[in-house]
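>>> I'll drop the sequence and a predicted model, then ask my questions.
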Amino acid sequence: MDILSGLNPPQKDAVETISGPVLILAGPGSGKTRVITHRIAYLLRVCGVKPSHIMAVTFTNKAAREMKERLEGLVSFAVKGLTLGTFHSICARILRRDGKIIGIESGFVIYDDDDQKSLLKRTLHDLNLDPKQYAPSALAAAISAAKSQLLTPNDYYQRGRSYFDEITARVYEHYQKRLQESNALDFDDLLMKTVLLFRQHPEVLEKYQSRYTHLLVDEFQDTNLVQYELIKQLGGKHRNVCVVGDPDQSIYSWRYADIRNILSFEKDFPDTKVILLEQNYRSTKTILETASKIISANQQRKPKKLWTDNAPGEPVTIVEAYNEQEEAQYVITEIEKLVGRGEYSLGDFAVMYRTNAQSRVLEETFIRYGTAYRLVAGTRFYERKEIKDIVAYLRLIQNHSDSVSLARVINVPTRGIGEQTQARLLNWAKSMNVSTYEALRTLAQGTNDSPFTPGTAKQLTAFFNVMENFTAKSREVNLTDLFDFVVESLGFKGYVFDQPEGEERWDNVMELRGVAQEHNDLPPPDGLASFLEGVTLVSDVDSLQEGGSAVTFITLHQAKGLEFPIVFILGMEDGLLPHFRTIDDPAQIEEERRLFYVGVTRAKKKVYLLRAFRRTLMGRSSITTVSRFLADVPGDKTSSASTGWHEKADFSSALYAWNRLSPLSDADLMSGQKAAPPLPSTALPDPSTSRTGLKAGDRVRHSQFGEGTVIGLKTTRDDTEATVAFADIGVKKLLLSFARLTKVA
DNA sequence: GCCTCTGGATTTTTT
DNA sequence: ATCCAGAGGC
């Protein structure tokens, strides 16, 4: 049987044990993804299970997409009807179909963190609470914590101890009311409401339980209580539940993931078969042994014995740079050296770090050297204002109750509806006990009982008519036509162009149009719905395209599940890794160590661990402390390198003391003591090359615009903008982080 | 009602 | 260092 060939005995076991609960404990690089895809293929091809009876849950949409591709490669036909996605996207689907019974309209919108924050602010305002005293972010965290433990506002009242708990309970309750009014759910609601739906309506649960005869859950160590509850509910009938995880890679406890789910699983499913995948196929012996040493420093864990047949390979290189600029320079120099030898290409390298802020220096340095890179996250496309505005219009079209979107767009582009008017409108709607949108309708129908002057009433009515017009259109035409209609009716182009970097913003809008186009084959209302869902539930890694000719910059968290031939881990300093916010809690330190472990085990061939002697954080430069984790890295597996600043500085110890005492800037200290940076800053930005490996003159292809020639590249704060001349469309400026430009030979 | 300026906060990780 | 919210001027 070809589905089983090439698997080792425990892998084979994991694929073939399809009845009853299975817990697969899979070490890094042990072929976990392979096992999952083969298992599904086995179910389909050998056991004759229908795709529609299988649910597979992944951590990211990207993982889901890749799994589908690999699966289809294996079974060599298109798999239709399989339920495959993240917990969030699967729950959204369930609630759209069956949420009505617990008061969720199928057209609900999903509020992201930004929307959540807006709504919380309004809630605070309603409750006469000072947002300075009760930080919306802290309340959001508390509410999210509550929801992750299935606590309703009522439960919260009963648990409340401190004054802050009391406040939180009140805010939570009111916030939920506001969400309900807006027909909106936040991320945590997607999970929690699904569990509640199943609890309150066993007949609905029964429907799903019967349908899904086989359940698979990846990254089980990072599930929270609600997700685990869902697994128990859905798998409760057939009990063919297979969960795959690695406690040593649990790094999301701050998102209320709970390792104890692994222990609970064996208790809740007493006949669980446990399968260990311990052979590593990814890394060299040196890397695997180093990683094992690191993780065995954790007290709260079960020891396990990972092994590999791979060659010993090269030592782990530990580097001490002078500061973060030099740290980045070392990375580049090393990469250029290895690429120069022809052994590796840029796509083989990943640079990993604890905090997103660390990517900045990397970017600056890579831009200066003209080395191609790609940053995961950073520029979050969907967080741009012009994008959020359009999306808010589209959301409001789908769901007139969406108060956050309404508030966002009612005066965009400016139509003379200011804060006063908006506050008055909210109050008026409240007094009539209708939604804001319905209040507008009343006004438009010509009531003489409104609190507005005729002029203001006219403005509001105009806005209402615009929305009605959009809504009518949305029922008739496909998504891009609707998109164009909205954008044109609003005069959005002119509006956007009047703002700084207008052209760039406009091109972003056009990129969004390109995304909309992908939903065009669905009939009118569905296209909009599926587009909006995709827009909210995407994550940053989802857009990462592996390989290619650029170095990957990525946080340690995002790196989970990925692999690269060569990995650099930056900022091996106490305060960064482990992060200073975790340092007084041993449990959290252990999680930081797991994070480090995840980073190291991403590497196939070689690992570099870097630290800086001095580092500037939040505007303050100070001398660092070596990460305590380096003490766990076995000395016989490492080699040290230096960027040479010790030797170049003749009085390094004096310099050290001086640094401690003197408030002089880095520039003062470094003059004459350290090699000058390779290029003066006036040489940036280099117009002829970009971090994506494109240069002026290259032929490229764009999904919408067709083929064109790059005529210029400009690096902005967090992105590269390419100016491309397209044959049919003319000259366009495109953001490379988003526009999928492929080079044509 | 809208725009600009300034002081204050802010940075851990994300579906 | 950078971003955001609130205050004050037009």
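Received the coordinates, thanks.
>>> Name the residue of chain A that lies nearest to DNA strand C.
A:Gly619 (3.8 Å; Cβ to the nearest atom of the strand). Glycine gets a C-beta too; all of them are placed from N, C-alpha and C.
>>> Quickly find the element holding the residue nearest to A:Leu537 when sequence neighbours are not counted.
Among residues not flanking A:Leu537 along the chain, A:Ser89 sits closest, at 5.2 Å (Cβ to Cβ, 6 or more residues apart in numbering). According to DSSP states H and E, A:Ser89 maps onto helix A:87-98.
>>> all strands of the stretch 101-250 of chain A, in order?
With DSSP state E, counting those that start in this stretch, the ranges of strands along the stretch 101-250 of chain A come out as A:109-111, A:184-186, A:214-217, A:241-245.
>>> Those: which one's closest to DNA strand B?
strand A:184-186 (8.5 Å).
>>> For that closest one, name the packing helices and strands.
The contact analysis (3 or more Cβ pairs under 8 Å, 6 or more residues apart in numbering; DSSP states H and E) places strand A:184-186 against strand A:109-111, helix A:113-126.
>>> Each with direction, which strands does the first one pair with?
Read that as strand A:109-111. strand A:184-186 (parallel) (DSSP bridges).
>>> one step back: mean pLDDT lowest for which of the strands of the stretch 101-250 of chain A?
Sorting the strands of the stretch 101-250 of chain A by mean pLDDT places strand A:109-111 lowest, at a mean of 89.
>>> Can that one be said to contact DNA strand B?
No. Using Cβ under 7 Å from any atom of the strand, strand A:109-111 never reaches DNA strand B; the gap is at least 10.0 Å.
>>> Which residues outside that strand are in contact with it?
Contacts of strand A:109-111 with the rest of the structure, by Cβ atoms under 8 Å, 6 or more residues apart in numbering, involve A:92, A:119, A:179, A:182-187, A:190, A:395, A:398-399, A:402, A:404-405, A:532-533, A:536-537.
>>> Now intersect those with the helices, please.
A:92, A:119, A:179, A:187, A:190, A:395, A:398, A:404-405, A:532-533, A:536-537 (DSSP state H).
>>> For the helix or strand harbouring A:Glu69, buried residues please.
A:Glu69 is located in helix A:61-75, with elements delineated by DSSP H and E. The neighbour-count check on helix A:61-75 (16 or more other Cβ atoms under 10 Å) flags A:Asn61, A:Lys62, A:Ala63, A:Ala64, A:Glu66, A:Met67, A:Lys68, A:Arg70, A:Leu71, A:Leu74, A:Val75 as buried.
>>> Assess the claim that the fourth one and A:Leu82 are in contact.
No. In this structure, A:Ala64 sits apart from A:Leu82 without contact. The criterion is Cβ atoms under 8 Å, and the distance is 9.9 Å.
>>> Spit out the residues that contact those two alike.
A:Ala56.
>>> mind listing what the closest residue in space to A:Arg97 that isn't next to it in sequence touches?
Closest residue to A:Arg97 apart from its sequence neighbours, by Cβ to Cβ, 6+ apart: A:Ser106 at 7.3 Å. By Cβ under 8 Å, 6+ apart, the contact set of A:Ser106 is A:Arg96, A:Arg97, A:Gly99, A:Lys100.
>>> Is it possible to mark the buried ones in these?
For these, buried by 16+ other Cβ under 10 Å: A:Arg96, A:Gly99.
>>> Which one of the contacts of A:Ser106 is nearest to A:Gly491?
Using Cβ to Cβ, A:Arg96 is the member of those that lies nearest A:Gly491, at 33.3 Å.
>>> Now do the closest one against DNA strand B, distance only.
Here the criterion is Cβ to the nearest atom of the strand, to the nearest Å. By it, A:Arg96 lies 17 Å from DNA strand B.
>>> Wait, that residue touches A:Ser89, no?
No. With contacts counted by Cβ under 8 Å, A:Arg96 stays clear of A:Ser89, the gap being 10.8 Å.
>>> separation between the closest residue to A:Val195 other than its chain neighbours and DNA strand B?
Using Cβ to Cβ, 6+ apart and skipping the chain neighbours, the partner closest in space to A:Val195 is A:Glu229 (5.0 Å). Using Cβ to the nearest atom of the strand, A:Glu229 is found at 15 Å from DNA strand B.
>>> and A:Arg594, what does it touch?
A:Asp248, A:Gln249, A:Ser250, A:Ile251, A:Ile295, A:Asn298.
>>> Wait, a helix at it?
Yes. Counting by DSSP: H, G, I helix; E, B strand; the rest coil, A:Arg594 is located in a helix.
>>> And the nearest residue to A:Leu74 once chain neighbours are set aside, its phi and psi?
Sequence neighbours aside, A:Ala41 is the residue nearest to A:Leu74 in space, at 4.3 Å (criterion: Cβ to Cβ, 6+ apart). With angles defined as degrees, to the nearest 10, A:Ala41 sits at phi -60, psi -40.
>>> cool, and A:Gln279?
Here is the backbone geometry of A:Gln279 (degrees, to the nearest 10): phi -90, psi 130.
>>> That one reaches A:Thr308, doesn't it?
Yes. If you go by Cβ under 8 Å, A:Gln279 and A:Thr308 touch, sitting 6.6 Å apart.
>>> How many residues are close by the closest residue to DNA strand B within the stretch 101-250 of chain A?
Using Cβ to the nearest atom of the strand, the closest approach of the stretch 101-250 of chain A to DNA strand B is made by A:Phe187 at 4.1 Å. Applying other Cβ atoms under 10 Å, we find 21 residues neighbouring A:Phe187.
>>> ok, which stretches of the stretch 201-350 of chain A are helices?
A:202-211, A:225-235, A:260-268, A:285-295, A:324-340 (DSSP state H, counting those that start in this stretch).
>>> Go through those and name the closest to A:Asn448.
Going by Cβ to Cβ, the one of the helices of the stretch 201-350 of chain A nearest A:Asn448 is helix A:202-211, 47.0 Å.
>>> on contacts alone, who are the packing partners of the closest one?
By 3+ Cβ pairs under 8 Å, 6+ apart, helix A:202-211 packs against helix A:87-98, helix A:187-200, helix A:225-235.
>>> so after the lowest-mean-pLDDT helix or strand in chain A, what's the next helix or strand?
Among the helices and strands of chain A, helix A:666-670 carries the lowest confidence by mean pLDDT, DSSP states H and E, at a mean of 37. Going down the chain from helix A:666-670, the next helix or strand is strand A:699-702, by DSSP H and E.
>>> For that next one, list the C-alpha coordinates in PDB.
The C-alpha trace of strand A:699-702 is given here as PDB (Å, rounded to 0.1, in the frame of the first residue of the first chain):
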ATOM      1  CA  ARG A 699      10.000  41.300 -16.000                       C
ATOM      2  CA  VAL A 700       7.300  40.500 -13.500                       C
ATOM      3  CA  ARG A 701       3.800  39.000 -13.500                       C
ATOM      4  CA  HIS A 702       0.900  40.200 -11.400                       C
END
